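[1] How does the following fold in three dimensions:
(chains A and B)
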Amino acid sequence: MSVPRAVAPDPTDPVHAGRSADTVDGGAWSSPGQLREALDRVGYLAGPGLATVAFLAERMGRPLFLEGDAGVGKTSLATALAQVRDARLIRLQCYEGIEASQALYDWDFPRQLLHLRAAEAAGVREAEQLESELYDRRFLLARPLLAALETPGAVLLIDEVDRADDEFEAFLLEVLSEWSITVPELGTVRAEHPPLVVLTSNRTREVHDALKRRCLYHWVAHPSFEREVAIIRRRLPEAAAQLAEDVARVAQGLRGEGLLKPPGVAESLDWTEALVALGARELDPERAAASLGAFLKYREDTERVLATGFTSLLDRSPAGSGG
Amino acid sequence: MSVLALSSHDERRVEVTRLLVGFARTLRGCGVPAGPDRVQTFVRAAVELDVTCRDDVYWAGRATLCSCPEDLVRYDRAFAAYFAGELAPPVRSVRPVVRTRAVTVPCDPDEDEAHDGEQERLRAATASRAEVLCHRDLARLTTAERAEVARLISALGPTGPVRASRRWAPASTGTLDPGRTVRAMLRRGGEPARLARRRRVDKPRRLVLIVDVSGSMAAYADPMLRFAHATARCRPGTEVFTVGTRLTRVSREIAAREPDAALAAVADAVPDFSGGTRLGDLLQAFLDRWGQRGMARGAVVVVVSDGWERGDATLLGTQAARLHRLAHAVVWVNPHKAQPGFAPLTAGMAAVLPHVDRFVAGHSLGALEGLAALLGEADLHRCQPSPAAQPSPAVQPSSGYGAVDA
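    Sure, this is the predicted structure:
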């Protein structure tokens, strides 16, 4: 079916340098389980579903389309995939009105002008030669999409694609299906090894079916209580076991309460970190109230939780650990 | 290797493919729009994994055949049923498609035989009738009038407020366009040429219409949805929701070309026509699910409702405040507003009024034209801080919800 991709480690990247011993054959996994273990090693605890979908994306050369609430680990998956592949992570943050020159490439006009002036000073007069020099690759600024096509084995993260406009989606579709970008003055840049693409969406807008059809779809749900505790303990080894469990329990409890912004795993981690910094070994009401700003981001939510108190949320009997 | 050695067993391969494709058909029968290209990807994905492993087939299908969280529930159900052997691949159901085409006919059926010399008189009569219809309350129309109003509504089309996009377009005035200027200079060998300028392109602001289809609004639901259709047709990307006992997103249904087809599709999709209202809850549901994540941000939100709320209006008030903070402008349309002696006595309306930018009637064709024109205004923000500034009858919500001075 698809050919396993060779990944060139980026020696200039200090984070990933020297990690290749951990990876299996430069990013070619023979089963979802192997990929899951590799992700586990870099601190990303993926469920069997997510690991399978990521494995398929790699195998079939399809972009991975991740949807889910904010803070469930969509963006971190891309970072973790880049780490296990020992590849460069190229990120394209989408926003309303994003255009080609911010996503693809741009000519470096000031440098072109400087070059022109320098050539003039040196007495170069042949217009044709001058022009071919001006539209040289070194005057081209590669924006994320072009950079991803030029970097073998890169992981391209197209973040919050729902925030971009429809036109941009259509344009993205073209790049993602052809794996090539045409620069009129320079020619076509084609990816020899297409990057592993991860698209994320918070579902503020329904992304067009044509784009979704190209991708493998996965809905990233909030983790279960056990997994959330494991994630907190893995990311923050300095946190006490009791503290991790308490934070996870409160988070799980609050997700069903209809808050304006239910806390994601990212908020749980932030809060635990804040509590650790305050010296907490378990969740006590004073420290919890003092650091609640790391966990809840709306005044209404904070007031509501403070009014209820933490006692009911912190029911440490096994029945309270559902979610 | 997890991939089954299929190539050596062609028969088995065909059998497996048939099983997988059969499942995809079952899934389509359950309402998941999985087209043939998706099915192809599914088969490929399943083969990449292990077709003999139930979990692998499950995840392969989930990743390739589904495209939104709503699909996932249906997928789980279809998967469990199909692989437990309960369902055979369903037969495709054929639904008759009724197409309506616009043709030119005289407006009045009584004057069907009117010959050419009477054209002028006919036109005058039609114009004056449109004038009369313009001010009639939409709830008190005869069937024939209703049809004509429907036709006139479909001709409305708010051009809507605009906002500056991030895109630039060449212009004769505006800020300097470095790219074009330099390119022009390069063409002249570096000689300073005319300075090129550029300007931001205007873009329509997102419009979100929330139409109350509950019992108390029954008479106005149809013309309002027609208005929504006209708006959605001339401003692609308009989002339309209905509220009653549930919140239903009908943006896709309402985008059909023909008004009647669109309305029929909406009627199919909305389970709660002429039911009760839980406006506060549903506004919250809208904000939680769509609004806060971005749909209401910077958008003009039009709510068509009489604000009739069962039970406590406090929730409605807080949600309206939340909506007002998120949206660029909130326009509240209450058809009952035009009735003589109207005062927003319903607790819901009183709770909502402090948080809307414009409060209009929208009870007649003329009022809907006014609404379309209003949406075209550049600055929709409330001119005065208090709703007391609205045209008569003057309304001043007092501190306690429900009590008003008329």
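[2] count of neighbours near A:Lys212?
    The number of residues packed near A:Lys212 is 22, by other Cβ atoms under 10 Å in any protein chain shown. Yep, even glycine has a C-beta here, placed from its N, CA and C like the rest.
[3] and it, which of the three is it?
    helix (DSSP: H, G, I helix; E, B strand; the rest coil).
[4] what's near enough to touch it?
    Shown in contact with A:Lys212 (Cβ atoms under 8 Å, 6 or more residues apart in numbering or on different chains): A:65, B:67.
[5] Of all the residues in stretch B:258-265, which ones are buried?
    B:258-259, B:261-263, B:265 (16 or more other Cβ atoms under 10 Å in any protein chain shown).
[6] cool, and stretch B:267-279?
    Across stretch B:267-279, burial judged by 16+ other Cβ under 10 Å covers B:267, B:270, B:272, B:277-279.
[7] Any chance of TSV for these, columns distance to chain A, pLDDT and secondary structure?
    Shown next, in TSV, are the buried residues of stretch B:267-279 (distance: Cβ to the nearest Cβ, whole Å; pLDDT from 0 to 100; DSSP: H, G, I helix; E, B strand; the rest coil):
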residue	distance to chain A	pLDDT	secondary structure
B:Ala267	22	81	helix
B:Val270	18	79	coil
B:Asp272	21	73	coil
B:Thr277	19	75	coil
B:Arg278	14	80	coil
B:Leu279	17	85	helix
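[8] circling back to that earlier point, can I get the buried residues of stretch B:258-265 in a markdown table with secondary structure, distance to B:Ala228 and pLDDT?
    As requested, these are arranged in a markdown table below (DSSP: H, G, I helix; E, B strand; the rest coil; distance: Cβ to Cβ, whole Å; pLDDT from 0 to 100):
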| residue | secondary structure | distance to B:Ala228 | pLDDT |
| --- | --- | --- | --- |
| B:Glu258 | coil | 14 | 81 |
| B:Pro259 | helix | 10 | 81 |
| B:Ala261 | helix | 14 | 82 |
| B:Ala262 | helix | 9 | 83 |
| B:Leu263 | helix | 10 | 82 |
| B:Ala265 | helix | 12 | 82 |
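[9] any idea which of those residues is closest to A:Ala280?
    Proximity to A:Ala280 was ranked across the buried residues of stretch B:258-265 by Cβ to Cβ; first place goes to B:Ala265, at 55.3 Å.
[10] And the pLDDT for the spatially closest residue to B:Gly237 that is not a sequence neighbour?
    Once flanking residues are discounted, B:Gly237 sits nearest to B:Arg206: 6.5 Å by Cβ to Cβ, 6 or more residues apart in numbering or on different chains. Here, the pLDDT recorded for B:Arg206 equals 87.
[11] Could you list which residues are in contact with the residue in the stretch 201-323 of chain A that chain B sits nearest to?
    Across the stretch 201-323 of chain A, the shortest distance to chain B (Cβ to the nearest Cβ) belongs to A:Thr204, at 2.9 Å. Listed by Cβ under 8 Å, 6+ apart, the contact partners of A:Thr204 are A:162-163, B:290, B:293-295.
[12] Now that we have the buried residues of stretch B:267-279, can you turn them into JSON lines and tack on distance to A:Ala28?
    Converted to JSON lines, the buried residues of stretch B:267-279 look like this (distance: Cβ to Cβ, whole Å):
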{"residue": "B:Ala267", "distance to A:Ala28": "53"}
{"residue": "B:Val270", "distance to A:Ala28": "50"}
{"residue": "B:Asp272", "distance to A:Ala28": "52"}
{"residue": "B:Thr277", "distance to A:Ala28": "58"}
{"residue": "B:Arg278", "distance to A:Ala28": "54"}
{"residue": "B:Leu279", "distance to A:Ala28": "55"}
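[13] now A:Glu245: how far from A:Glu178?
    49 Å (Cβ to Cβ, to the nearest Å).
[14] give me the element B:Leu72 is part of.
    Using DSSP states H and E, B:Leu72 sits in helix B:69-83.
[15] name the helices or strands packed onto that helix?
    Contacts defined by 3 or more Cβ pairs under 8 Å, 6 or more residues apart in numbering or on different chains; DSSP states H and E place helix B:69-83 against helix B:10-29, helix B:54-65.
[16] can you put these in a markdown table and add mean pLDDT, distance to chain A and mean neighbour count?
    Output for those, formatted as a markdown table (pLDDT from 0 to 100; distance: least, Cβ to the nearest Cβ, whole Å; neighbours: other Cβ atoms under 10 Å in any protein chain shown):
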| stretch | mean pLDDT | distance to chain A | mean neighbour count |
| --- | --- | --- | --- |
| helix B:10-29 | 86 | 13 | 17 |
| helix B:54-65 | 90 | 4 | 23 |
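[17] would JSON lines of the ones you listed with distance to A:Ala38 be doable?
    Shown next, in JSON lines, are those (distance: least, Cβ to Cβ, whole Å):
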{"stretch": "helix B:10-29", "distance to A:Ala38": "29"}
{"stretch": "helix B:54-65", "distance to A:Ala38": "18"}
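[18] Out of those helices, which is closest to A:Ser31?
    Using Cβ to Cβ as the measure, helix B:54-65 is the one of these that comes nearest A:Ser31, at 9.5 Å.
[19] Need the residues that contact the closest one.
    Identification of contacts with helix B:54-65 by Cβ under 8 Å, 6+ apart yields A:32, A:48-49, A:52-53, A:56, A:216-218, B:2, B:20, B:23-24, B:27, B:32, B:34, B:38-39, B:41-42, B:45-46, B:48-51, B:71-72, B:75, B:79, B:83.
[20] Would you mind naming what in the stretch 51-200 of chain A lies close to chain B?
    Residues of the stretch 51-200 of chain A lying near chain B by Cβ under 8 Å from any Cβ of the partner chain: A:52-53, A:55-56, A:59-60, A:62, A:67, A:95-99, A:107, A:109, A:112-113, A:116-117, A:120, A:127, A:130-131, A:134, A:162-163, A:166.
[21] Next, the buried residues of the helix or strand where A:Arg227 lies.
    Assessed by DSSP H and E, A:Arg227 sits inside helix A:225-235. The neighbour-count check on helix A:225-235 (16+ other Cβ under 10 Å) flags A:225, A:228-233, A:235 as buried.
[22] With stretch B:209-228 instead?
    Residues of stretch B:209-228 classed as buried: B:209-214, B:216-217, B:220-228 (neighbour count, 16+ other Cβ under 10 Å).
[23] What are the boundaries of the strands in chain A?
    With strands called from DSSP state E, chain A shows them at A:64-67, A:89-93, A:105-107, A:140-142, A:155-159, A:180-183, A:187-190, A:196-201, A:216-219.
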